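> I'll drop the sequence and a predicted model, then ask my questions.
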Amino acid sequence: MTVFSSGCQSSSDSAPPTAVVTQKMVLEGVPSASGIERVGDQYYVIGDDSPYLFCLNAQFKVVQKVSLMEASSLVGGRIPKPVKPDLEAITSVMLEGQPYLFIVGSGSTSMRNVGYLVPITRQGAGKPVQVPLEKLYSQLRQNKAITGGAALNIEGLSSDEEYLYLLQRFAPGGHNVLITYTLSSITSFLRGRGEAPKPSTIQPWALPDLAQIKTGFSGMATGLGGRLLFTASAEETPNAVLDGEVYGSLVGWLKAHPEGSSQATLPETVVPVKEKDGSILKSKIESICILDEHRHHLEAVAVADNDNGTSELVVLTFNW
């Protein structure tokens, strides 16, 4: 499938949807960026092989660095691949009246079944609390409607007032899947007081190829009108663990609560992210957050990790 739009055209019904990079910069001191969340005028960034949560100001400069875990085996500021927690996704979430950042590992190996709740205070990020995710991930891992013949690989995370959303990334033999929990069902588990709940819904999605390479979910943010802004990337890799050549990234809209179906659903709109000159952005966008959203236009900030330890911040405009 190579069609990049499935409805939701621009307000003029003539201009095709576009996603164009307006600014790029290297995130100095932030290795392997894998997640970004905006809270007020600050940005919180994680790296998949970093033991830290980085807080950036409105100019994208690091102003706070919070240690999430003990890491005695750092090499060049990075946790070696065999033992890294592979922190891949972050969202802000309200639990029992307290705002938190919720950070999760991918679940693709036994070292990656961990999460963190970090309270958000007026002074910034507070003291992290580790959240064991093995029991929750074990349920997901055993559900073939989620993993198919591939490994569990959670790459996206978002929440609103009622729900927590996770994205399972495609790998050969597997699927792109949106997994939804009600906050009322999962809060006790996240706070260490209850059993792992079952998802309220599991929905597979059909994403277009890019450069004849299958694309997989990589990030997500909650938008207006019951929609989820998602990113996906095309990476030539045989499984959920190994890296491969990156051919580009997509951005688009999903319905947060589509009519339940075991069949893969098409996104409302999905387009490749392009440079100003019209060429495909050859970066692996890992996560996205919304700066400003209108009826048929938004501005967003994303982070990219091209598997060499450096991180890139990308500002883009998305019109549909």
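That came through fine.

> show me where pLDDT drops low in this protein?
The model of the chain has pLDDT under 70 over residues 1-14, 240-241, 306-307.

> quick one: secondary structure of the residue nearest the centre of it?
Nearest residue to the geometric centre of the chain (Cα atoms, centre = their mean): G219, 2.4 Å. Secondary structure, DSSP: H, G, I helix; E, B strand; the rest coil: G219 is strand.

> how about the secondary structure of the closest residue to it other than its chain neighbours?
Nearest non-adjacent residue to G219, counting by Cβ to Cβ, 6 or more residues apart in numbering: S287, 3.7 Å away. In short, each C-beta sits where N, CA and C put it, glycine included. Secondary structure, three-state DSSP: S287 is strand.

> and for the one 3 residues further on?
At I290, secondary structure determined by three-state DSSP is strand.

> so it bridges to which residues?
Beta bridges link I290 to A300, judged by DSSP bridges.

> same check, this time on T265
Beta-bridge partners for T265, by DSSP bridges, are W205.

> need the helices for this structure, in chain order.
Assignment of helices within the chain using DSSP state H yields the ranges 134-142, 144-147, 183-190.

> can you put those in JSON lines and add distance to S106 and mean neighbour count?
JSON lines is the format used below for the helices of the chain (distance: least, Cβ to Cβ, whole Å; neighbours: other Cβ atoms under 10 Å):
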{"stretch": "helix 134-142", "distance to S106": "9", "mean neighbour count": "17"}
{"stretch": "helix 144-147", "distance to S106": "12", "mean neighbour count": "17"}
{"stretch": "helix 183-190", "distance to S106": "17", "mean neighbour count": "18"}
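
> can you put these in CSV and add distance to R295?
Formatted as CSV, the helices of the chain follow (distance: least, Cβ to Cβ, whole Å):
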stretch, distance to R295
helix 134-142, 35
helix 144-147, 33
helix 183-190, 28
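
> please name whichever of those helices is nearest to V39.
helix 183-190 (17.5 Å; Cβ to Cβ).

> convert the C-alpha atoms of the closest one to PDB, please.
Only the C-alpha atoms of helix 183-190 are listed here, as PDB (Å, rounded to 0.1, in the frame of the first residue of the first chain):
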ATOM      1  CA  LEU A 183      -7.000   5.200  33.300                       C
ATOM      2  CA  SER A 184      -9.400   3.900  36.000                       C
ATOM      3  CA  SER A 185      -8.400   0.300  35.300                       C
ATOM      4  CA  ILE A 186      -4.600   0.800  35.100                       C
ATOM      5  CA  THR A 187      -4.000   3.500  37.800                       C
ATOM      6  CA  SER A 188      -3.800   1.000  40.700                       C
ATOM      7  CA  PHE A 189      -1.300  -1.200  38.800                       C
ATOM      8  CA  LEU A 190       0.900   1.800  38.000                       C
END
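
> same for it, what does it pack against?
strand 87-95, strand 163-168 (3 or more Cβ pairs under 8 Å, 6 or more residues apart in numbering; DSSP states H and E).

> coming back round to it: nearest to P258, out of the helices of the chain?
Proximity to P258 (Cβ to Cβ) singles out helix 144-147 among those, at 14.9 Å.

> now do the strands in the stretch 201-320 of the chain.
201-205, 215-222, 227-236, 245-255, 269-274, 285-293, 297-305, 311-319 (DSSP state E, counting those that start in this stretch).

> elements contacting the second one?
Strand 215-222 sits against strand 154-159, strand 163-168, strand 176-182, strand 227-236, strand 285-293, with contacts defined as 3+ Cβ pairs under 8 Å, 6+ apart.

> ok, back up a step: can you add distance to T121 and give the strands of the stretch 201-320 of the chain back as CSV?
What follows is those, written out as CSV (distance: least, Cβ to Cβ, whole Å):
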stretch, distance to T121
strand 201-205, 33
strand 215-222, 22
strand 227-236, 27
strand 245-255, 32
strand 269-274, 34
strand 285-293, 20
strand 297-305, 23
strand 311-319, 24
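
> so for A150, which of the ones you listed sits nearest?
Closest to A150 of the strands of the stretch 201-320 of the chain, according to Cβ to Cβ: strand 215-222, at 9.8 Å.

> circling back: most packed of the strands of the stretch 201-320 of the chain?
Across the strands of the stretch 201-320 of the chain, averaging neighbours per residue (mean count of other Cβ atoms under 10 Å) puts strand 215-222 on top, at a mean of 26.

> can you list the strands that that one pairs with?
strand 227-236 (antiparallel).

> got the CA coordinates for the partner strand in PDB?
Taking Å, rounded to 0.1, in the frame of the first residue of the first chain, the C-alpha atoms of strand 227-236 are listed here in PDB:
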ATOM      1  CA  ARG A 227      -7.600  11.800  17.400                       C
ATOM      2  CA  LEU A 228      -4.100  10.700  17.900                       C
ATOM      3  CA  LEU A 229      -1.200  12.300  16.000                       C
ATOM      4  CA  PHE A 230       1.300   9.500  15.200                       C
ATOM      5  CA  THR A 231       4.700   9.100  13.700                       C
ATOM      6  CA  ALA A 232       6.000   6.000  11.900                       C
ATOM      7  CA  SER A 233       9.300   5.200  10.300                       C
ATOM      8  CA  ALA A 234      10.700   2.900   7.600                       C
ATOM      9  CA  GLU A 235      13.700   0.900   8.800                       C
ATOM     10  CA  GLU A 236      15.100  -2.100   7.100                       C
END
